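K.L.:
Give the three-dimensional model of this entry:
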Amino acid sequence: MTGPLALVGGHELNPGNEPQDELLAAAAGEGPAFVLATAAARHRPELAVAHARDWFARFGLEVEELPVRTARQARSEEVVARAADGRFFYLVGGDPGIVANVLRGSPVWEVIVGAWRAGAALAGSSAGAMAMGSWTLTRSRFPGDHDRSYRDALGLVPGLAVLPHFGTFGRSWIGSALAGRPNEEVVLAGVDERTAAVWSEDGWRAMGEGAVTLVSAEGERRFGSGERIEGMPAPRA
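P.N.:
Reported below is the predicted structural model:
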């Protein structure tokens, strides 16, 4: 039985995220709990780790960093051995491209997915959530550019591309995300900040302050907090 999987739309580790984070912390049980600052590797990752420690302490969960900031660390026998006992893994936000580059095909990612399939909690926010799908959307040209290009991600949720921060700037990516789709079967999931699409035994459900919106060429379907999300592909369990 898989554990919960949460795809968070950003502004993680802050008030408004309590519903999904309480669920994730409960699923961790007594096992080691890890935060991965992979996406923040170029942006003071130690601050992201410290923030995660402070935030999850309120749920009675003691988290530590699983040091996977580089591809070399993702293949380290020591890091892989630490991850093998983990019952909670949280990938923070940051650079949308670096997560897939570091983790794709790595031993540590295989161990993390194996732990999740055995019941551990797994979550990613913003860039971390984007990496869970088949594709991650990266800037086409320069910082601040709304045009986004598809790059291969980790593929835990096949056919999915996540648009985080959807209630703020993420919505501006819709045009290029629809125009550049690798195929017509791509599911675009817009996730608001402080909101998550959460997978459990009964499928996907929206949790948190905002909504999850599935976007297609035909229009949008919005799912508010507590609602089942219909039409979002299941992860590779």
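K.L.:
pull the CA atoms of the longest helix along the chain into PDB?
P.N.:
Identified as the longest helix of the chain according to DSSP state H is helix 45-57. Output of helix 45-57 as PDB, limited to C-alpha atoms (Å, rounded to 0.1, in the frame of the first residue of the first chain):
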ATOM      1  CA  PRO A  45      19.300  25.500   0.800                       C
ATOM      2  CA  GLU A  46      20.200  25.600   4.500                       C
ATOM      3  CA  LEU A  47      17.400  28.100   5.000                       C
ATOM      4  CA  ALA A  48      14.900  25.800   3.400                       C
ATOM      5  CA  VAL A  49      16.000  23.000   5.700                       C
ATOM      6  CA  ALA A  50      15.800  25.100   8.800                       C
ATOM      7  CA  HIS A  51      12.300  26.300   7.800                       C
ATOM      8  CA  ALA A  52      11.200  22.700   7.300                       C
ATOM      9  CA  ARG A  53      12.500  21.700  10.700                       C
ATOM     10  CA  ASP A  54      10.600  24.600  12.400                       C
ATOM     11  CA  TRP A  55       7.400  24.000  10.400                       C
ATOM     12  CA  PHE A  56       7.000  20.300  10.900                       C
ATOM     13  CA  ALA A  57       8.000  20.400  14.600                       C
END
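K.L.:
Flag every buried residue along that helix.
P.N.:
By 16 or more other C-beta atoms under 10 Å, the buried positions in helix 45-57 come out as 45, 48-49, 51-53, 55-56. The way it works is simple: take the backbone N, C-alpha and C, and place the C-beta from them, glycine included.
K.L.:
Equivalent analysis for stretch 115-122, please.
P.N.:
Buried positions in stretch 115-122, judged by neighbour count with 16+ other C-beta under 10 Å: 115-116, 120-122.
K.L.:
quick one, phi/psi of residue 26?
P.N.:
The phi and psi values for residue 26, taken as degrees, to the nearest 10, are phi -60, psi -40.
K.L.:
What are the neighbouring residues in contact with it?
P.N.:
Contacts for residue 26 (C-beta atoms under 8 Å, 6 or more residues apart in numbering) come out as residue 59.
K.L.:
Repeat the analysis, applying 10 Å as the threshold.
P.N.:
Contact analysis of residue 26 by C-beta atoms under 10 Å, 6 or more residues apart in numbering lists 4, 59-61, 88, 121.
K.L.:
distance of it from residue 125?
P.N.:
Here residue 26 is placed at a distance of 18 Å from residue 125 (C-beta to C-beta, to the nearest Å).
K.L.:
ok, back up a step: what sits up against the longest helix of the chain?
P.N.:
With C-beta under 10 Å, 6+ apart, helix 45-57 has contacts from 12-15, 17-18, 21-22, 24-25, 28, 33-41, 44, 61-67, 69, 88, 90, 92-94.
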